[in-house]
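Enquirer: sequence plus predicted model, see below.
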Amino acid sequence: MKERLHKIMAAAGIASRRAAEEMIRQGRVSVNNAIIKEMGVKADPAEDEIRVDGKLISIEIQKIYLMLNKPPGYVTTLRDPEGRRIITDLLRDISERVYPVGRLDYDSEGLILLTNDGDFAQKVQHPRFNVPKTYLVKIKGNLSKKEILAIQKGIDLEDGRFSPLEIEVERINRKSCWVRMVIHEGRNRVIRRLFEAMGHPVTRLVRVAIGELSLGSLKVGEFRYLKRKEIHKLMEKTGVNLS
């Protein structure tokens, strides 16, 4: 997040804000190799190279790991040009800038993680790290054994073949059914597109787990901090042992 240079310098313990302003006026501060002399210039200590008297400064950023039970009707971006509600609107008393790990569709709901740890986010969401995501999906109609077998073998979509790691019918109603599905890739709306291709439009989609981390008793619209052991288990799924 961008802040005024004198605030960044004060946070890094270089000088007081007033003294930092004077150092800027003296031309002793640079951002990405450009000398800064005017007040009001902003920079992002996580993205920009900030130097004082040629020495690189850094700020130790507290890493935040949250899990949120996303309601439908929110977008998993930090801003929306259409003016729709964003998931960070649900966060209270979180001063650090966090961003969603992966995404859930506007109409989808359930478990989503938020963090300011880019390495953690990359490993959890990227398909090559094979972190499984579990969904409960309500679809129109009922799946036959033949259709389940076809899904297990893989269905051709416009962006390539897709097959889940696991699929199981959980509950059958007269005109619909609930399906539990485990996947490890995150192509856009891939579960919805799969069932639409099968002639079974999705009427509800809930992500209930990422790896071994599940929603548990977390209520819709609420969030909590991840425990250290939960973070370790997720990282172990990617092949990284933090112990």
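Expert: Noted; the coordinates are in hand. Numbering: from 1, shown residues only.
Enquirer: buried residues of stretch 177-191, list them for me.
Expert: Buried positions in stretch 177-191, judged by neighbour count with 16 or more other C-beta atoms under 10 Å: 177, 178, 179, 180, 181, 183, 184, 185, 190, 191. For the C-beta atoms, the positions are set from N, CA and C on the backbone; glycine is no exception.
Enquirer: okay, and which of the residues you listed map to strands?
Expert: Among the buried residues of stretch 177-191, DSSP state E puts 177, 178, 179, 180, 181, 183 in strands.
Enquirer: residues in contact with the residue lying farthest from the centre of the chain?
Expert: Centroid-distance maximum for the chain: residue 26 at 41.5 Å, with C-alpha atoms, centre = their mean. Taking C-beta atoms under 8 Å, 6 or more residues apart in numbering as the criterion, residue 26 is in contact with residue 37.
Enquirer: I'd like to know how far it sits from residue 9.
Expert: 13 Å (C-beta to C-beta, to the nearest Å).
Enquirer: mind listing the helices for the protein?
Expert: 5-11, 17-25, 118-125, 145-153, 190-197, 228-237 (DSSP state H).
Enquirer: those helices: which one's closest to residue 167?
Expert: Ranking the helices of the chain by their distance to residue 167 (criterion: C-beta to C-beta) puts helix 145-153 first, at 5.5 Å.
Enquirer: would you mark the buried spots in the closest one?
Expert: 147, 151.
Enquirer: start the count at 713 instead of 1 going forward.
Expert: I'll keep to 713 as the first residue from here, and by that count the last item is helix 857-865.
Enquirer: show me what it is packed up against.
Expert: Secondary-structure packing of helix 857-865 (3 or more C-beta pairs under 8 Å, 6 or more residues apart in numbering; DSSP states H and E): strand 878-884.
Enquirer: now distance to residue 729 too, for the ones in strands among the buried residues of stretch 889-903, in a markdown table please.
Expert: Output for those, formatted as a markdown table (distance: C-beta to C-beta, whole Å):
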| residue | distance to residue 729 |
| --- | --- |
| 889 | 61 |
| 890 | 57 |
| 891 | 57 |
| 892 | 55 |
| 893 | 53 |
| 895 | 49 |
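Enquirer: which one of those is nearest residue 810?
Expert: residue 895 (24.3 Å).
Enquirer: so who does that closest one touch?
Expert: By C-beta under 8 Å, 6+ apart, residue 895 lies in contact with 844, 845, 847, 876, 877, 902, 903.
Enquirer: what pLDDT does it get?
Expert: You'll see residue 895 listed with a pLDDT of 95.
Enquirer: per the record, what domains does this protein have?
Expert: 715-768, 773-842+927-955, 844-922 (automatic domain parsing).
Enquirer: please state the offset of the second one from the chain centre?
Expert: Spelled out, that is domain 773-842+927-955. How far domain 773-842+927-955 lies from its chain's middle: 4 Å, per C-alpha atoms, centre = their mean, to the nearest Å.
Enquirer: export the buried residues of stretch 889-903 to TSV and tack on distance to residue 751?
Expert: Shown next, in TSV, are those (distance: C-beta to C-beta, whole Å):
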residue	distance to residue 751
889	63
890	59
891	59
892	58
893	55
895	51
896	50
897	48
902	49
903	51
